[in-house]
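Peer 1: mind looking at a prediction? Sequence and model below.
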Amino acid sequence: MKCKKMIAAVVAAVVAASCALGGCGGKNQQGGNDISAAESSQMVTSSSAGSEQSSSPEPSVKPESKTSQPVSNTQESSQIQQPDESSENEASTASGKITPKICEITDDEGHKLYTMGTIHIADESIMNMPAYFETAFAESDSLAVECNNTDTGFDLLSITKFMYTDGTKITDHVSAEDYQKVLDIVKDSPYYNEIYAYIKPMMWVSLGEITAGEKLGMDAKYGVDQMLINKAVKEGKDVIEVEGTKFQMDLITDMPENIQNFLFHSMAQTENYTDKMSEALRKTYENWKKGEEIADDDIGEEELTEEEKQLLAEYNRILLTDRNVGMADKAERYLASGDTVFMAVGSAHFYGEGGIYQLLEQRGYHIRQLTDEDAKPVEGSVMESTASTVSETDPGIPRAA
């Protein structure tokens, strides 16, 4: 019985920490835009949703798939056809309506792909999606997400990858000062338990982000990714994995120790960490709801040493830049298949230098942002979060069948 309780506690610790991993940042832990460590929220938030839908294979690629058409790498301005946003977005947000950015990507043969950046922790306002979202989703044959968490696949071997298995504890790998400061940040979270003594720094950093989100009333149970998966399942659409649970778990657990320790140290040394992270989360979420580009916040970078800047750059390469290329490649495959796919991955993957939109533009694809004028009547639409299937005291943790 004691062993079973120990395993359950480990699962709770790992799952809870993981649910912040994914989102929209990839910046730093000095109060900047690091919603980043959240890239695997989708693998953990909702076994309790009750769905038996499994991930479907990708659409088969037809022989006449599109050949990339490179353009100048010095291109600085985006070629995405943008609507006039300013006052329209402000009025929409004030009225409670959200207007997240959804784009239609096409090739020269007329194949179509819809794209949407996601926020992996949110609140109930995500249920107020605009009509153009409903139209794009209804026109899509399938949904593509980073990973389909209706079957998390957690087992003891997977869980131990998040832990020290050589007999050491977190206190053997970080300074006593840093440990106490980070502990003070996370100890009141309902997700925290004594098992964290054996958990690696990356999970502590993630729990810090969850704690900041809790302050704003945000939770993974309202995550956009999970809402889309639930909607696809209810409406009978296939769910395709862009990366998959194993890929994302390996991404986290294989993060070099010096980078994990750097993130932990940065979190510890950030004055008023929870307040600063909460503000960064709030700004990011507000931008997402208005369909604005996720800001590339450089707060705190001027305080980093050259070695720390190199660690941060390597972290962002692993978390964002390298993955963006793989995601753009998948987008091409979806387009070439002839099926219409609704592709939804973390918002930060789409924007900026080396983002998915830039990569696809450089390969010759056409990108247009949707507006209310694209909306058409849709019947049989289903919108729901996981909130009704998750307890208030233990949100997001998978339950045994």
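Peer 2: Here it is on my side, so go on. Numbers count the residues shown, from 1 in each chain.

Peer 1: host element of M116?
Peer 2: Following DSSP states H and E, one finds M116 within strand 112-118.

Peer 1: mind listing what's buried along the helix or strand containing S206?
Peer 2: Secondary structure assignment for S206, by DSSP H and E: helix 201-215. Residues of helix 201-215 classed as buried by neighbour count (16 or more other Cβ atoms under 10 Å): 201-214. Bear in mind the C-beta positions are built from the backbone N, C-alpha and C, glycine included.

Peer 1: after the lowest-mean-pLDDT helix or strand in the chain comes which helix or strand?
Peer 2: With mean pLDDT, DSSP states H and E as the measure, the helix or strand of the chain carrying the lowest mean pLDDT is helix 86-94 (a mean of 44). Per DSSP H and E, the first helix or strand lying C-terminal to helix 86-94 is strand 102-106.

Peer 1: list the neighbouring strands of that next one plus their orientation.
Peer 2: strand 112-118 (antiparallel), strand 366-369 (antiparallel) (DSSP bridges).

Peer 1: what's the burial count for the nearest residue to D374 once chain neighbours are set aside?
Peer 2: Of all residues beyond its chain neighbours, the one nearest D374 is Y132 (4.6 Å), with distances taken as Cβ to Cβ, 6 or more residues apart in numbering. Using other Cβ atoms under 10 Å, Y132 is surrounded by 21 other residues.

Peer 1: helix or strand: which one has Y132?
Peer 2: helix 131-139.

Peer 1: tell me the angle that helix makes with strand 112-118.
Peer 2: Taking axes from the mean of the first three to the mean of the last three Cα atoms, to 10 degrees, one finds helix 131-139 and strand 112-118 inclined to each other by 130 degrees.

Peer 1: average pLDDT for helix 131-139?
Peer 2: Across helix 131-139, pLDDT averages out at 97.

Peer 1: who are the packing partners of it?
Peer 2: Here helix 131-139 touches strand 102-106, strand 112-118, going by 3 or more Cβ pairs under 8 Å, 6 or more residues apart in numbering; DSSP states H and E.

Peer 1: please identify the most buried of the ones you listed.
Peer 2: strand 112-118 (a mean of 24; mean count of other Cβ atoms under 10 Å).

Peer 1: chain neighbours aside, what residue packs nearest to V341?
Peer 2: Y334 (4.1 Å).

Peer 1: and for the one you found, the neighbour number?
Peer 2: Y334, neighbours per other Cβ under 10 Å, totals 27.

Peer 1: how near is it to L143?
Peer 2: Computed as Cβ to Cβ, to the nearest Å, the Y334 to L143 distance reads 11 Å.

Peer 1: give me the common contacts of the two.
Peer 2: 240, 341 (Cβ atoms under 8 Å, 6 or more residues apart in numbering).

Peer 1: give me the low-pLDDT residue ranges for the protein?
Peer 2: For the chain, residues meeting the criterion pLDDT under 70 lie at 1-95, 149-158, 295-302, 380-401.

Peer 1: strands along that one, start to end?
Peer 2: Counting by DSSP state E, the chain has strands at residues 102-106, 112-118, 142-145, 238-241, 341-346, 366-369.

Peer 1: each with direction, which strands does the third one pair with?
Peer 2: Taking DSSP bridges as the criterion, strand 142-145 sits next to strand 238-241 (parallel), strand 341-346 (parallel) in its sheet.

Peer 1: among those strands, which is the most enclosed?
Peer 2: strand 341-346 (a mean of 27).

Peer 1: hang on, the earlier thing: put together JSON lines for the strands paired with strand 142-145, with distance to Y285 on each row.
Peer 2: Output for the strands paired with strand 142-145, formatted as JSON lines (distance: least, Cβ to Cβ, whole Å):
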{"stretch": "strand 238-241", "distance to Y285": "24"}
{"stretch": "strand 341-346", "distance to Y285": "13"}
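
Peer 1: compare those and give me the one nearest D172.
Peer 2: strand 341-346 (32.6 Å; Cβ to Cβ).

Peer 1: contacts for the closest one?
Peer 2: With Cβ under 8 Å, 6+ apart, strand 341-346 has contacts from 22-24, 38-39, 59, 113-118, 120, 136-137, 140-146, 224-225, 228, 240, 242, 327, 330-331, 334, 356.

Peer 1: same question, stretch 165-181
Peer 2: Contacts for stretch 165-181 (Cβ under 8 Å, 6+ apart): 164, 182, 196-201, 204, 257, 261, 264-265, 267-269.

Peer 1: repeat that with 7 Å
Peer 2: 197-199, 201, 261, 264-265, 268 (Cβ atoms under 7 Å, 6 or more residues apart in numbering).

Peer 1: emit the PyMOL select command for whichever of these are buried.
Peer 2: Command for PyMOL, covering only those of the contacts of stretch 165-181 found buried under the criterion 16+ other Cβ under 10 Å:
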select buried, resi 198+199+201+261+264+265+268
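
Peer 1: what helices and strands are in contact with the helix holding S206?
Peer 2: helix 2-18, helix 176-186, helix 257-269, helix 273-289 (3 or more Cβ pairs under 7 Å, 6 or more residues apart in numbering; DSSP states H and E).

Peer 1: okay if I get the ones you listed as TSV plus distance to G352?
Peer 2: Below are the helices and strands packed on helix 201-215 laid out as TSV (distance: least, Cβ to Cβ, whole Å):
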stretch	distance to G352
helix 2-18	25
helix 176-186	29
helix 257-269	21
helix 273-289	13
